[in-house]
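Peer 1: one predicted model, sequence on top.
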Amino acid sequence: MICKANKVFITGATSGFGKAIAQRFDAEGWHTVISGRRSQRLNALKQNLLNPCHSIVLDVRDRNAVEKAVRDLPDSFNPVNVLVNNAGLALGMMDADEVYIDDWELMVDTNIKGLLYCTRTILPQMVKNGTGHVINIGSIAGYWPYPGSNVYGATKAFVRQFSLNLRADLVSKNIHVTDIEPGLAETEFSEVRFKGDKKKAAAIYKNVDSIKPNDIADAVFWTASRPRNINVNRIEIMAGAQAFSPFNIVRGLK
Ligand code: NDP
Ligand code: 8X3
């Protein structure tokens, strides 16, 4: 039986933006598919949602698991109207010549390949349904360079360009695509980036009124709820206390 309610599929719903996005769509009466690797967190979130929710323990790096998760979606959560590709991470902030190459691989596998698996797997049901919207969570790091961003920023530059290219492919199939690009936001992001070093993570947010997960959930929901005569290509959101630096000129180099 086809369910008439709007349905959203969110990756990385166990924390930060993803959790806030799930709560926001639920509060607006949408049915949610929430996913992430931490099952306890998924269960806790599910218990607090008001509307039907399907939770999936899912590592987006596992292509077979992504395909199975989509194949096994209950009929009442099919077809998905909106896919929010949110799962992602930064690892480390060292210079490119010092960084752990395993960290680079993990970011590529998650932020790029995981996003590709979810997108490619869910798109056919959207196309079949004649409508749909893919909302990718990019980053200001996909456009603005900074020291230590190296591969993290490059994965988000991929997300930015992939979003535009997706839209070029899918406009005739009535699929909308948006890249939401947040700046400094207080979530578990920095704790993950600094591999559990809470002190280092806290220092990033010290005495700064950073973006909150609900700010991004607002932007995502606003984007998803626009009338179909417009497509929001991209939104860049920085913290009120964040802006650009001057060029770095190193004197005395030969
Ligand atoms: P959090 O660390 O709080 O949340 C990250 C989420 O991604 C978690 O739910 C985590 O779930 C999930 N995730 C990570 N790896 C995987 C994986 N392999 N498979 C499935 N899920 C995974 O950080 P944010 O909420 O800040 O990050 C969300 C997105 O926003 C990311 O793409 C990040 O790059 C982006 N972003 C963050 C900014 C910030 O400053 N916070 C700014 C700009 C963009 P679990 O561990 O349970 O699998
Ligand atoms: C996260 C924002 O500036 O820490 O994508 O890279 S930043």
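Peer 2: Now that the structure is in, tell me what you want to look at. Numbering: from 1, shown residues only. Ligands and ions are numbered 1, 2, ... in the order given.

Peer 1: how close does the closest residue to residue 78 other than its chain neighbours get to residue 167?
Peer 2: Spatially, and ignoring its direct neighbours in sequence, residue 78 is nearest to residue 125 (6.4 Å; Cβ to Cβ, 6 or more residues apart in numbering). C-beta: built from backbone N, CA, C; applies to glycine. According to Cβ to Cβ, to the nearest Å, residue 125 stands 18 Å off from residue 167.

Peer 1: and the longest strand for this protein?
Peer 2: Secondary structure assigned by DSSP state E gives strand 175-182 as the longest strand of the chain.

Peer 1: anything in that one near ligand 1?
Peer 2: Yes: against ligand 1, strand 175-182 shows contacts by Cβ under 6 Å from any ligand atom at residue 182.

Peer 1: please save the CA atoms from that strand in PDB.
Peer 2: These are the backbone C-alpha positions of strand 175-182, laid out as PDB (Å, rounded to 0.1, in the frame of the first residue of the first chain):
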ATOM      1  CA  ILE A 175      14.200  15.600  -9.000                       C
ATOM      2  CA  HIS A 176      15.400  18.600  -7.000                       C
ATOM      3  CA  VAL A 177      18.900  18.800  -5.500                       C
ATOM      4  CA  THR A 178      20.400  21.100  -2.900                       C
ATOM      5  CA  ASP A 179      23.700  21.500  -1.200                       C
ATOM      6  CA  ILE A 180      23.500  23.000   2.300                       C
ATOM      7  CA  GLU A 181      26.900  24.300   3.300                       C
ATOM      8  CA  PRO A 182      27.300  25.000   7.000                       C
END
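
Peer 1: check which helices and strands that strand is in contact with.
Peer 2: Strand 175-182 sits against helix 115-129, strand 132-137, helix 150-170, helix 213-224, strand 234-237, with contacts defined as 3 or more Cβ pairs under 8 Å, 6 or more residues apart in numbering; DSSP states H and E.

Peer 1: angle of the second one against helix 150-170?
Peer 2: So the one you mean is strand 132-137. Orientation check (axes from the mean of the first three to the mean of the last three Cα atoms, to 10 degrees): strand 132-137 against helix 150-170 gives 170 degrees.

Peer 1: check contacts around residue 233.
Peer 2: Under the criterion of Cβ atoms under 8 Å, 6 or more residues apart in numbering, the contact partners of residue 233 comprise 163, 164, 167, 177, 178, 179.

Peer 1: same thing but at 6 Å, please
Peer 2: If you count contacts by Cβ atoms under 6 Å, 6 or more residues apart in numbering, residue 233 has none.

Peer 1: ligand 2 contacts on this protein?
Peer 2: 139, 140, 141, 149, 183, 184.

Peer 1: most neighbours among those residues, which one?
Peer 2: Neighbour counts for those (other Cβ atoms under 10 Å) peak at residue 139, which has 26 neighbours.

Peer 1: just put the helices and strands packed on strand 175-182 in CSV and tack on mean pLDDT and mean neighbour count.
Peer 2: Supplementary listing: the helices and strands packed on strand 175-182 in CSV, determined by pLDDT from 0 to 100; neighbours: other Cβ atoms under 10 Å:
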stretch, mean pLDDT, mean neighbour count
helix 115-129, 98, 18
strand 132-137, 99, 25
helix 150-170, 98, 19
helix 213-224, 98, 20
strand 234-237, 98, 17
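
Peer 1: so in terms of bridging, what pairs with residue 235?
Peer 2: With DSSP bridges applied, the residues forming beta bridges to residue 235 are residue 180.

Peer 1: where does this protein dip in pLDDT?
Peer 2: Low-confidence segments of the chain, defined by pLDDT under 70: 1-3.

Peer 1: secondary structure class for residue 76?
Peer 2: Remark: residue 76 carries the secondary structure label helix [criterion: DSSP: H, G, I helix; E, B strand; the rest coil].

Peer 1: quick one: it from ligand 1, how far?
Peer 2: Distance from residue 76 to ligand 1, counting by Cβ to the nearest ligand atom, to the nearest Å: 23 Å.
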